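Peer 1: how would this look folded up:
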Amino acid sequence: MAKHTSLPTLDLHGERTEGLEDKVDRFITSAQSKGHAQARIMTGKGSGKVLAAVQKYLKLGGYPSHFERLPNGRPNEGVLIVQI
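Peer 2: Next up is the predicted model:
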């Protein structure tokens with residue numbers, strides 16, 4: 001399984017949901033302007049509030065996403081791969 005280290009990455013560990021949409025929007029806009037077709041958003045697992053807020057934003061923005069795959073093939077539910 002290929003690693004996604006070359007993808008632009010936004011680490012949201014420890015973040016709250018307030019202001020999250022602006023951070024994600026700036027990140028996606030920046031990645032897009034640099035010619036990236038994909039990006040990683042690390043939400044962590046925690047309570048699930050950050051993940052839910054990011055997924056809602058991506059869905060409303062029309063950005064398809066899926067969970068990153070671990071080397072064993074299982075989904076890493078703390079990291080989203082976004083198509084931009």
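Peer 1: Not counting sequence-adjacent ones, nearest residue to residue 45?
Peer 2: Spatial nearest neighbour of residue 45, excluding adjacent residues (Cβ to Cβ, 6 or more residues apart in numbering): residue 78 at 4.7 Å. Any C-beta I mention is one placed from the backbone N, CA and C, and that applies to glycine too.
Peer 1: SS state for that neighbour?
Peer 2: Following DSSP: H, G, I helix; E, B strand; the rest coil, we place residue 78 in the strand state.
Peer 1: show me what contacts it?
Peer 2: 42-45, 51 (Cβ atoms under 8 Å, 6 or more residues apart in numbering).
Peer 1: By neighbours, which of those wins?
Peer 2: residue 43 (24 neighbours; other Cβ atoms under 10 Å).
Peer 1: so who does that residue touch?
Peer 2: Counted by Cβ under 8 Å, 6+ apart, residue 43 has contacts 12-13, 50-51, 54, 78-80.
Peer 1: Point to the residue nearest the middle of the chain.
Peer 2: residue 41 (2.3 Å; Cα atoms, centre = their mean).
Peer 1: Tell me which helix or strand comes right after the one helix or strand it maps to.
Peer 2: According to DSSP states H and E, residue 41 maps onto strand 38-42. Using DSSP H and E, the helix or strand that follows strand 38-42 in sequence is helix 49-61.
Peer 1: Pairing partners for the next helix or strand after that following helix, with directions?
Peer 2: Downstream of helix 49-61, the first helix or strand assigned by DSSP H and E is strand 65-69. Strand pairing for strand 65-69, using DSSP bridges, gives strand 75-83 (antiparallel).
Peer 1: any idea of the mean pLDDT in the strand it pairs with?
Peer 2: Rounded to a whole number, the mean pLDDT of strand 75-83 is 94.
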